[in-house]
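Q: A predicted structure for the sequence below; I have some questions about it.
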Amino acid sequence: MKGRRGDVSNILDFSRLSAVSLKIIYRELVRYSRHNLPIDHSLPEAHATLRSLPIELLTQLEVPVLAFQEADIYEIHHARSTGTLHFRNQGSRNDLVWVQAGTEEMYGVLRGRLPAKLVALFKILDPGSKDTVRQVAGIPLLTPVNSRRRSDLHGLVTVQMREDTRGFTIVDIGTILSLAQLIQRITGDGL
C-alpha cells in the first residue's frame, strides 16, 4: 500500500472524513476481528477503545495479477481510493475491484468473486502488539442478480449495490484480486 494521508490518525478521524458512521465502522471492525483474527490478537470491542484505534489511511494498493496466458509473469494493477479527495485535479477516485468473497461454488459463474468499490485502504495498528499491523480495505460489495447467471441477451452477469445493511464492510487486502471493469447500465431515470 502507498500514498499515506496525514489527515487521519484514528477511527474517529476516518469516520469524519469518509462519512461512514462510527456505528457501522465499529460493527464491521468487530465482525472482521471475530471472523479473521486469532483470539489472542483480536481487536478490542469497546467503542471508546475502537474510536481511538490508531490507523494509517492510504490511497493506493498494488495488486499483482497473473498476466494473460502466462504462468509466472505478473502485472501490477494500481487500485486507488482517494475517498472524498480529488485525484489529479478531477473528482474523487475510488476504483472497482474484484474481491474473493466466498468459495468457488458461491455466486454462480462469478465463482466466489464479487465486485466492490474501494472506498478506503488502511493499516490498523494492533494496540496489543505494536509490531502487528492489519492491512485492510473498506468496501461496499456489489451483488449478482438474475440467479447469478450470464444474461442470454448480452452474455454478462448483472450486479447491483447490495440492499442489506452491510453497505460497507472491511476485508483483508489479500482478498482483493484485481481491478474490475464494469459496464454501467443507463436507464431513463439516470442509472
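A: Arrived safely.
Q: I'd like to know how far I139 sits from A71.
A: Distance of I139 to A71, computed by Cβ to Cβ, to the nearest Å: 30 Å. The way it works is simple: take the backbone N, C-alpha and C, and place the C-beta from them, glycine included.
Q: more neighbours: these two, which one.
A: Each of I139 and A71 has its neighbours counted (other Cβ atoms under 10 Å); I139 has more, 27 against 6.
Q: surely that one and L114 touch.
A: No. Using Cβ atoms under 8 Å, I139 is not in contact with L114; the gap is 9.4 Å.
Q: pull the longest helix from the chain.
A: Using DSSP state H to define each element, the chain has its longest helix at helix 22-36.
Q: contacts for that one?
A: For helix 22-36, contacts defined as Cβ atoms under 8 Å, 6 or more residues apart in numbering pick out 11-12, 14-15, 42-43, 45, 47, 50-51, 53, 124, 136, 138, 166-172.
Q: what about 7 Å?
A: Applying Cβ atoms under 7 Å, 6 or more residues apart in numbering, the contact partners of helix 22-36 are 11, 15, 42-43, 45, 47, 50-51, 136, 168-170, 172.
Q: write the ChimeraX selection for whichever of those are buried.
A: In ChimeraX, a selection of the buried entries from the contacts of helix 22-36 looks like this (16 or more other Cβ atoms under 10 Å):
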select :11,15,43,50,136,168,169,170
